[in-house]
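>>> take a look and give me a structure for this.
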Amino acid sequence: MIRLKAVGYLLAFVTPALMPFAIWLLARGVLSADLATWFPLFFLFVLLPLADYLIGADASNPDEIEAERLQLRSWYRLLTLACLPIQLILVFWSAAQFSALPLTAVGKLGWLLSQGVVSGVLAINVAHELIHKSGRLEPWAGGLLLCTVNYFGFKIEHLRGHHVHVSTPHDASSAPLGSQVYTFVPQALWRNTQNAWRLEADRLRRLGVGVLHWRNEMLIWSAVTLVLGGLIYAYAGAAGLAFFFAQGLIAAMTLEVINYVEHYGLERRALDNGHYERTTHLHSWNSNYLLTNLMLFQLQRHSDHHETARRRYQSLRHYDASPQLPGGYAAMFLLALVPPLWKRVIDPRVQTFRARQLAAVG
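Numbering: from 1, shown residues only. Below you'll find the model as predicted:
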């Protein structure tokens with residue numbers, strides 16, 4: 001079973017393959033240009049949720065002793081690191097396609113949205129895994145991935161902000177009960193970017209250096225992003241450059257919709273000393289739908305991730321006590337975009353979970 005899952009994580013590379021596959025469908029005359037550019041979204045938000053429900057969930061937990069015996073650790077690490085060159089190639093290629101393809105406005109919008117969502121999955125999701133790791137290689141690979149979507153502040157704010165304040169009013173990426181995604185996302189984008197600059201400035205002051213010091217990560221990643229933009233401009237022109245920054249914004253918006261899903265309505269109790277209870281597997285929504293978990297390097301086991309942030313994706317665990325989503329992230333993403341349906345489905349689950357927690361405490 002462990003070997004099968006180890007191979008199954010190769011499904012993560014289906015997502016970036018959707019973009020060239022769309023062009024293949026166009027070249028073969030299977031779909032018109034405008035329809036082909038929307039195919040990646042059709043796959044991710046229609047075919048994938050259907051497959052999720054057909055295949056079902058997997059709540060089994062990994063056998064760590066057996067995994068060590070099989071010596072698969074390097075394999076798991078290689079899969080995530082391989083996403084960096086793939087994302088770089090894909091963004092450059094996709095920008096060139098955007099400039100060169102004879103598309104109508106509908107087709108260009110489809111290509112832009114498709115690449116933005118694919119980048120959200122391939123760049124931000126994988127960066128999220130990498131930036132939590134020790135050493136230099138993986139966190140820096142994660143930072144470079146985030147530069148491909150111009151959301152590099154996530155590396156700082158996520159580690160020093162979100163994981164500290166998750167499920168409290170101080171966290172911009174934790175949506176309170178009753179909030180709706182269309183107000184949450186722009187607020188989260190703005191506040192998280194501000195927080196990243198502030199947190200980095202605070203770190204530098206503690207080191208006794210100025211904000212404009214060369215150690216400022218925000219300045220470093222800004223420079224890297226500008227270099228990427230310049231290279232894309234040279235390769236794909238002004239239209240390609242505009243595409244590069246626009247797909248990054250869509251990728252960041254995709255992330256914040258997922259943040260909305262992951263923490264909606266969940267709260268950590270305020271303690272008498274003014275602090276909040278420790279973050280556990282009770283403060284993030286969990287989903288065990290197997291196919292999407294393989295394609296997202298188990299991001300959906302978010303409950304355990306917040307309890308043990310350095311645990312690698314293949315070792316994340318399921319807890320029966322964690323709040324459970326009624327579908328995989330693709331299905332929940334769509335549900336969140338329709339606030340009345342979202343509240344009708346999720347709000348009762350929040351209330352039931354809160355009542356269960358109160359009963360456990362009381």
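
>>> tell me how many other residues crowd residue 358.
As a burial measure, residue 358 scores 10 neighbours (other CB atoms under 10 Å). (Each C-beta comes from the backbone N, C-alpha and C, glycine too.)

>>> same thing with residue 120?
Neighbours of residue 120 under the rule other CB under 10 Å: 26.

>>> so for it, what's the pLDDT?
Note for residue 120: predicted pLDDT of 97.

>>> again, but for residue 72
Residue 72 is given a pLDDT of 83.

>>> in contact with it, which residues?
Counting by CB atoms under 8 Å, 6 or more residues apart in numbering, residue 72 makes contact with 2-3, 6, 314.

>>> and it, how close does it get to residue 40?
Distance, residue 72 to residue 40, using CB to CB, to the nearest Å: 30 Å.

>>> now find how far off-centre whichever strand or helix holds residue 80 is within its chain.
With elements taken from DSSP states H and E, the one containing residue 80 is helix 73-81. Computed by CA atoms, centre = their mean, to the nearest Å, the chain-centroid distance of helix 73-81 equals 18 Å.

>>> counting contacts, what elements does the helix or strand that that helix is followed by pack onto?
Next in sequence after helix 73-81, counting helices and strands by DSSP H and E, comes helix 83-100. When contacts are defined as 3 or more CB pairs under 8 Å, 6 or more residues apart in numbering; DSSP states H and E, helix 83-100 packs onto helix 14-27, helix 105-119, helix 126-130, helix 137-147, helix 217-263.

>>> a markdown table for these, including distance to residue 344 and mean neighbour count?
Formatted as a markdown table, those follow (distance: least, CB to CB, whole Å; neighbours: other CB atoms under 10 Å):
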| stretch | distance to residue 344 | mean neighbour count |
| --- | --- | --- |
| helix 14-27 | 30 | 18 |
| helix 105-119 | 25 | 21 |
| helix 126-130 | 29 | 26 |
| helix 137-147 | 35 | 22 |
| helix 217-263 | 15 | 19 |
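
>>> and stretch 74-89, what's buried?
Neighbour-count burial for stretch 74-89 flags 76-77, 79-80, 83-84, 86-88 (criterion: 16 or more other CB atoms under 10 Å).

>>> I figured residue 177 was touching residue 347, is that so?
Yes. When contacts are counted by CB atoms under 8 Å, residue 177 is listed as touching residue 347 (6.8 Å).

>>> overlap in contacts of those two?
residue 265.

>>> give the other helices and strands that the helix holding residue 80 contacts.
helix 126-130, helix 137-147.

>>> what's the angle from it to helix 137-147?
20 degrees (axes from the mean of the first three to the mean of the last three CA atoms, to 10 degrees).

>>> for the helix or strand harbouring residue 352, what is the distance to the chain centroid?
Using DSSP H and E, the element containing residue 352 is helix 339-361. Chain-centre distance of helix 339-361: 24 Å, with CA atoms, centre = their mean.

>>> that'll do, ta.
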